[in-house]
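**Student:** Any chance you can model this:
(one chain, ligands or ions: 2)
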Amino acid sequence: MPIIAPSLLSANFLQLESACKMLNESNADWFHLDIMDGRFVPNISFGPMIVEFIRKTTTKVCDVHLMIEEPEKYAEQFKNAGADILTVHIEACKHLHRNIQQIKGLGMKSGVAINPHTSVSLLENIVQDIDLVCMMSVNPGFGGQKFIPQTIEKIKQLRKMCNDKGLQTHIEIDGGVTLENAQSIIAAGADVLVAGNTVFKAVNPVEVIAKLKGL
Ligand code: DX5
Ligand code: ZN
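**Tutor:** Ligands and ions are numbered 1, 2, ... in the order given. The predicted structure is shown next:
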């Protein structure tokens with residue numbers, strides 16, 4: 001069964017509390033929290049203060065996806081806000097190994113995100129040090145975009161790399177996940193599905209989460 005991580009980016013922020021309550025009562029496993037700085041990506045979302053409020057509503061895993069430059073400056077703030085997993089972008093880190101050590105040193109699980117154009121081979125020397133790879137299946141910055149089909153091949157490559165190294169690293173797919181394509185994403189080797197619009201724009205989000213979980 002896949003891990004389901006709905007992205008609150010697509011929620012109605014005036015009703016954030018009820019969105020969190022809905023997720024708590026659903027089959028969702030993780031809360032996926034998208035942090036955007038207007039520099040690494042062309043959009044600004046929210047920061048540690050909102051993460052802290054969300055943290056208070058749930059005991060589920062808070063999976064924080066940093067789409068920001070200089071993530072080392074903010075890692076501690078996100079730890080204090082309650083992040084369980086902190087993911088940084090490979091494209092934003094000159095000293096990725098150091099970033100990972102910092103995150104682990106703060107007591108969080110560590111993730112590395114890669115953009116659609118970024119080769120899986122760049123993970124070769126870091127994948128053994130991390131808990132999760134967040135593979136972007138859209139260009140980061142916005143919810144509601146279309147899944148990029150070449151991602152399927154990249155998932156297979158990464159699953160093979162992890163298998164060859166005997167690693168249990170989570171493979172999380174982020175962007176454009178739908179009820180229609182989720183099965184092929186899992187079949188390719190992913191085990192964590194992020195879903196923003198598919199969940200929050202649905203008439204019955206709880207039912208959609210249950211369907212994703214049942215795949
Ligand atoms: C995109 C974010 C995603 C996004 C997913 O930059 O990282 O987590 O919110 O939203 P959907 O599922 O709507 O593509
Ligand atoms: Zn994300």
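**Student:** Give me the phi and psi for residue 135.
**Tutor:** In this entry, residue 135 is assigned phi and psi values of phi -90, psi 120 (degrees, to the nearest 10).
**Student:** my read: it touches residue 172, true?
**Tutor:** Yes - Residue 135 is in contact with residue 172 according to CB atoms under 8 Å; the separation is 6.8 Å. Any C-beta I mention is one placed from the backbone N, CA and C, and that applies to glycine too.
**Student:** tell me, what's touching those two both at once?
**Tutor:** When contacts are counted by CB atoms under 8 Å, 6 or more residues apart in numbering, residue 135 and residue 172 are jointly contacted by residue 190.
**Student:** Residues of this structure that sit close to ligand 1?
**Tutor:** 7, 9-10, 32, 34, 65, 138, 140-145, 174-177, 194-198 (CB under 6 Å from any ligand atom).
**Student:** For the spatially closest residue to residue 116 that is not a sequence neighbour, which residues are in contact?
**Tutor:** In space, and not counting its chain neighbours, residue 116 is closest to residue 148: 5.1 Å by CB to CB, 6 or more residues apart in numbering. Contact analysis of residue 148 by CB under 8 Å, 6+ apart lists 116, 137, 138, 175, 176.
**Student:** what's the closest of those residues to ligand 2?
**Tutor:** Distances from ligand 2 to these, taken as CB to the ion, are shortest for residue 175 (7.3 Å).
**Student:** shouldn't the closest one be in contact with residue 142?
**Tutor:** No - with contact defined as CB under 8 Å, residue 175 and residue 142 do not form a contacting pair (9.1 Å).
**Student:** Pick out whichever of the two has more residues nearby.
**Tutor:** Neighbours around residue 175 and residue 142, counted as other CB atoms under 10 Å, are more numerous at residue 175. The numbers are 26 against 18.
**Student:** Could you pull up phi and psi at the nearest residue to that one once chain neighbours are set aside?
**Tutor:** Distance criterion CB to CB, 6+ apart; nearest residue to residue 175, sequence neighbours excluded, is residue 138 at 3.1 Å. The phi and psi values for residue 138, taken as degrees, to the nearest 10, are phi -140, psi 170.
**Student:** How about residue 137?
**Tutor:** Note on residue 137: its backbone torsions stand at phi -110, psi 10 [degrees, to the nearest 10].
**Student:** quick one: low-confidence parts of the protein?
**Tutor:** Low-confidence segments of the chain (pLDDT under 70): none present.
**Student:** Longest helix in it, please.
**Tutor:** Scanning the chain for the longest helix, with DSSP state H as the assignment, gives helix 151-165.
**Student:** can you pull the contacts of residue 12?
**Tutor:** Residue 12 sits in contact with 19, 200, where contact means CB under 8 Å, 6+ apart.
**Student:** From residue 34, how far off is residue 55?
**Tutor:** From residue 55 over to residue 34 the distance is 15 Å, taken as CB to CB, to the nearest Å.
**Student:** Mind checking which of those two has more residues around it?
**Tutor:** Relative neighbour count places residue 34 above the other of residue 55 and residue 34, with 24 against 21, counting by other CB under 10 Å.
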